[in-house]
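*Asks:* below: sequence and its predicted model.
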Amino acid sequence: MLIAWVLVTGPALARDAYLNDASTEGDVPLPGCPVMPEGRDQIGCGSCDLPCRTPSYLLTQLGYLLQLGDTIHLNTGRYHARAADEAIVTFSGDWSFVTLDGEWVTLTGPVDVAGRALRDASGMPLAVLDGRGTAPAGVVVMGSGVRLRALRIENLAEAPPPLCGSAVHVMRDRTVSAYAFEQLDIAGVTSSIGSAIEVEQPNSTCRACTIVDNRIHASPPRSPAIWIESQHNVRIAGNHITGWGEGPNASGIRAVGDGIEILHNVIQNSAGPAIEAQGKMRIAHNTFRSNARVPATTDSPKGLEVLLAGAGGITLDHNILAPLPERAAVGVETLSDLHTFNFNGYALEGAFAGYTAVDARLYRTLVDWQEVTRQEANAREGQAHFASDADAHLRSQTGRWDGQGWVADAETSPFIDAGDPFRMQGEAPFLHGGVPNLGAYGNTPEASLSIARLVKLGGSDVQGEVGQPLSTPFRVEVRGFDRFGDLHPSHPDVPVGFRVVSGAADLSETRVVTDDQGRAQVDITPREAGVLHLEAFVDGVPGITPVLFEASISGDPDGGTPGPEPAPGRAHYTVGFGCRQATGPAFPLALLTWLTLRWRRRRAG
């Protein structure tokens, strides 16, 4: 359905509205708008033929005419506030908001057909909200149903409350129960009290609130990067927070509320703790490493990766905790009313496993922490073996995802296949062993591959004949290792390729997906005599060594093709020698009769 915004001051606007900066350099086609000119702030702008230049000008025109389902597209370029003391974009919430049903008022930069942000060579989204060092906020949200997608937000100013110099700020002026902040690249938040994303909605409950797949970095504030102030049911997932802040309060995520999910985030090299949490929530499948660069407080000289406050109510599982030396992985207020910990990975390497604030006591090893808390029965301690200082993927001898494909490493992280075997979801099925990895990429398609090798089960020293299927098929198994007692010793659903290396043969298939026992096979029909070599392999996974099959093929010198037909008047005969047979030309019938009679006379004599 098309929605028209009819303005008395200009032509009607379609459901999609458009902005462009003062240049068309680098512009890309947008939905419904293959080519557009430079943007202009004038009455009636917002169409493909006449895009506006400034987001706030467009929103001023639209006013109450905005509806859920409307999309505002920004083409490649830089977009600024109209005045130095204004936020770059403000959504006042004056549009009609009745139900969500998956529809939003969307502000988006260019995306591909799958909805992923289009980026430049440096990895930055093509559309940039640039505060030019003067804007007191990037995007201000004061109404439910706003979605921000595929935008870079940068260069914000030092600013006092209420805007605080934050990149995205959900204000407390109105109740905001639905928002989606996706694929944002946030840098240059310079205000000492600013956050990349700050939500001020005390004691409110979300209908649909998500903060997902954002990159937050290169900013010096003394406040959290993502700050949720007493709002319930927020989902914070897939974010990368790196090198955030200055001072002990500059945590990666500070979340207060119930029903909050903090999942699959990577938080590293930030000044404060990776997480400060209070409420009933789940913190799972995250990677926290080298945070708390500044000690947390004078009472806790050993800074913390994770600080859990309040009475028990937080579930902490499937995370990797890799503190700096002489820092601590987990801190709690008291050992009474403990939160729930299990299946976490502790990469301590000179750090402490736990800290209790009530008695200011540190516990050096995981065993010490397990004994005092009586939890973490399935936790694991060891070196994480991250891909690099910047890349939190786990190294694997079978294969690790590097953004383009699978690469093989010299070692395998002990945090691969170290999760709860009954929680396997997103990793299945390809070479993931039936047990999730720990950390941010566990239970996702980017999870590092389990230990696996290709084993030949059938096809050794086979002999056969040209034109006849070999009696033994070429059969292999993709065999794995499961540290939980070989629950899943082999890998199902793995595509195995088969090919002829030397010789000539027809294969029943060239690609077979392994069955529930991790096995695959092909039938082989040789086409020429000699030695036949075939290979089985798992394509694109360099850590799995192919296996070779060899067969000796017999047949006629010409490759087994039938010989010429006998000359007219001649036939073939067959003489049996046990299991062997020989063939040759037949004698004339009269000569055969004479030889038979002569043999009988000799025998009678």
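*Replies:* Yes, it's here.

*Asks:* ok, residue 363 touching residue 355?
*Replies:* Yes: contact criterion Cβ atoms under 8 Å: residue 363 and residue 355 qualify, at 7.3 Å. Using the backbone N, CA and C atoms, a C-beta is placed for each residue, glycine as well.

*Asks:* next SSE after the longest strand along the chain?
*Replies:* Assignment by DSSP state E gives strand 197-212 as the longest strand of the chain. Counting by DSSP states H and E, the next helix or strand C-terminal to strand 197-212 is strand 215-219.

*Asks:* give me the contacts around that following strand.
*Replies:* For strand 215-219, the external contacting residues (Cβ atoms under 8 Å, 6 or more residues apart in numbering) are 184-190, 194, 196-197, 225-226, 239-245.

*Asks:* swap in 10 Å and give it another go.
*Replies:* Strand 215-219 is contacted by residues 117, 123-125, 152-154, 156, 165, 167, 183-191, 194-197, 225-226, 239-246, 250, 252-253, 266-267, 269-270 when judged by Cβ atoms under 10 Å, 6 or more residues apart in numbering.

*Asks:* who are the contact partners of residue 78?
*Replies:* Neighbour list for residue 78: 21, 22, 23, 127, 128, 129, 130, 132, 152, 154, 155 [criterion: Cβ under 10 Å, 6+ apart].

*Asks:* by contact count, what packs against the helix or strand residue 330 falls within?
*Replies:* Using DSSP H and E, residue 330 sits within strand 328-332. If you count contacts as 3 or more Cβ pairs under 10 Å, 6 or more residues apart in numbering; DSSP states H and E, strand 328-332 packs onto strand 304-309, strand 314-317, strand 320-322, strand 345-346, strand 352-356, strand 361-363, helix 366-373.

*Asks:* repeat that for 7 Å
*Replies:* In terms of contacts (3 or more Cβ pairs under 7 Å, 6 or more residues apart in numbering; DSSP states H and E), strand 328-332 is packed against strand 304-309, strand 352-356.

*Asks:* quick one: closest of these to residue 392.
*Replies:* strand 304-309 (13.5 Å; Cβ to Cβ).

*Asks:* can you pull the buried residues of that closest one?
*Replies:* With burial defined by 16 or more other Cβ atoms under 10 Å, the residues of strand 304-309 counted as buried are 304, 305, 306, 307, 308.

*Asks:* wait, what's in contact with the last one?
*Replies:* Contacts were defined as Cβ atoms under 7 Å, 6 or more residues apart in numbering; by that measure residue 308 touches 277, 314, 332, 339.

*Asks:* buried among these? Make that a ChimeraX selection.
*Replies:* A single ChimeraX command is used to select the members of those judged buried by 16+ other Cβ under 10 Å:
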select :277,314,332,339
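
*Asks:* closest to residue 15 out of the contacts of residue 308?
*Replies:* Distances from residue 15 to these, taken by Cβ to Cβ, are shortest for residue 277, at 39.8 Å.

*Asks:* what is the closest one paired to in the beta sheet?
*Replies:* With DSSP bridges as the criterion, residue 277 is bridged to residue 255, residue 308.

*Asks:* state the distance from it to residue 284.
*Replies:* According to Cβ to Cβ, to the nearest Å, residue 277 stands 12 Å off from residue 284.

*Asks:* do the same with residue 57
*Replies:* Separation of residue 57 from residue 284 (Cβ to Cβ): 43 Å.

*Asks:* which one's more surrounded, the two?
*Replies:* Neighbour count, other Cβ atoms under 10 Å: between residue 57 and residue 284, residue 284 has more, with 22 against 19.

*Asks:* follow-up on the earlier one: filter the contacts of strand 215-219 to the buried ones?
*Replies:* Buried members of the contacts of strand 215-219, scored by 16+ other Cβ under 10 Å, are 117, 125, 152-154, 156, 165, 167, 183-191, 194-197, 225-226, 239-246, 250, 252-253, 266-267, 269-270.

*Asks:* to what extent is residue 121 buried, counted in neighbours?
*Replies:* For residue 121, the neighbour count with other Cβ under 10 Å is 5.

*Asks:* just the pLDDT at it, thanks.
*Replies:* For residue 121, the model assigns a pLDDT of 94.

*Asks:* do the same with the one 10 residues further on
*Replies:* What the model reports as pLDDT for residue 131 is 97.

*Asks:* mind starting the numbering at 10 from now?
*Replies:* Renumbered: residue one is now 10, and that last one reads residue 140.

*Asks:* neighbours around it, how many?
*Replies:* Using other Cβ under 10 Å, residue 140 is surrounded by 25 other residues.

*Asks:* in this structure it contacts residue 147, no?
*Replies:* Yes: between residue 140 and residue 147 there is a contact under Cβ atoms under 7 Å: 6.4 Å.

*Asks:* overlap of the contact sets of those two?
*Replies:* Residues touching both residue 140 and residue 147 comprise 97, 165, with contact defined as Cβ under 7 Å, 6+ apart.

*Asks:* JSON lines for the helices and strands packed on strand 337-341, including mean pLDDT and distance to residue 468?
*Replies:* Listed next are these as JSON lines, based on pLDDT from 0 to 100; distance: least, Cβ to Cβ, whole Å:
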{"stretch": "strand 313-318", "mean pLDDT": "93", "distance to residue 468": "51"}
{"stretch": "strand 361-365", "mean pLDDT": "94", "distance to residue 468": "50"}
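
*Asks:* apart from its neighbours in sequence, what residue is nearest residue 482?
*Replies:* Nearest residue to residue 482, sequence neighbours excluded (Cβ to Cβ, 6 or more residues apart in numbering): residue 530, at 4.5 Å.

*Asks:* ok, now residue 381?
*Replies:* In space, and not counting its chain neighbours, residue 381 is closest to residue 372: 6.0 Å by Cβ to Cβ, 6+ apart.

*Asks:* buried residues, stretch 452-459. List them.
*Replies:* In terms of neighbour count (16+ other Cβ under 10 Å), stretch 452-459 has its buried residues at 452, 453, 455, 456, 457, 458, 459.

*Asks:* quick one: mean pLDDT for the helix or strand residue 530 falls within?
*Replies:* The secondary structure element spanning residue 530 is strand 528-531 (assigned by DSSP H and E). Strand 528-531 comes out with an average pLDDT of 96.

*Asks:* contacts for that strand, please.
*Replies:* With Cβ under 7 Å, 6+ apart as the test, strand 528-531 has contacts from 466, 482-486, 505, 507, 516-518, 521-523.

*Asks:* just checking, which of those belong to strands?
*Replies:* Counting by DSSP E, the contacts of strand 528-531 place 466, 483, 484, 485, 486, 505, 507, 516, 521, 522 in strands.

*Asks:* for residue 64, phi and psi?
*Replies:* Dihedral pair for residue 64: phi -60, psi -40, per degrees, to the nearest 10.

*Asks:* max pairwise distance over the contacts of residue 317: which two?
*Replies:* The span of those, defined through Cβ to Cβ, is set by 286 and 341 at 10.8 Å.

*Asks:* give the buried residues for stretch 63-70.
*Replies:* For stretch 63-70, burial by neighbour count (16+ other Cβ under 10 Å) applies to 63, 64, 65, 66, 67, 68, 70.

*Asks:* of those, just say which sits nearest to residue 562.
*Replies:* Of all those, residue 562 sits closest to residue 64, with 72.7 Å by Cβ to Cβ.

*Asks:* grab the nearest non-local neighbour of that closest one.
*Replies:* Spatial nearest neighbour of residue 64, chain neighbours left out: residue 98 (4.5 Å); criterion: Cβ to Cβ, 6+ apart.

*Asks:* let me see the ranges of the strands in the stretch 510-614 of the chain.
*Replies:* 514-516, 520-522, 528-531, 533-535, 539-546, 556-563, 581-586, 589-594 (DSSP state E, counting those that start in this stretch).

*Asks:* to residue 216, which of these lies closest?
*Replies:* Here strand 520-522 is closest among the strands of the stretch 510-614 of the chain (Cβ to Cβ), at 41.3 Å.

*Asks:* tell me the mean pLDDT over the closest one?
*Replies:* For strand 520-522, mean pLDDT is 96.
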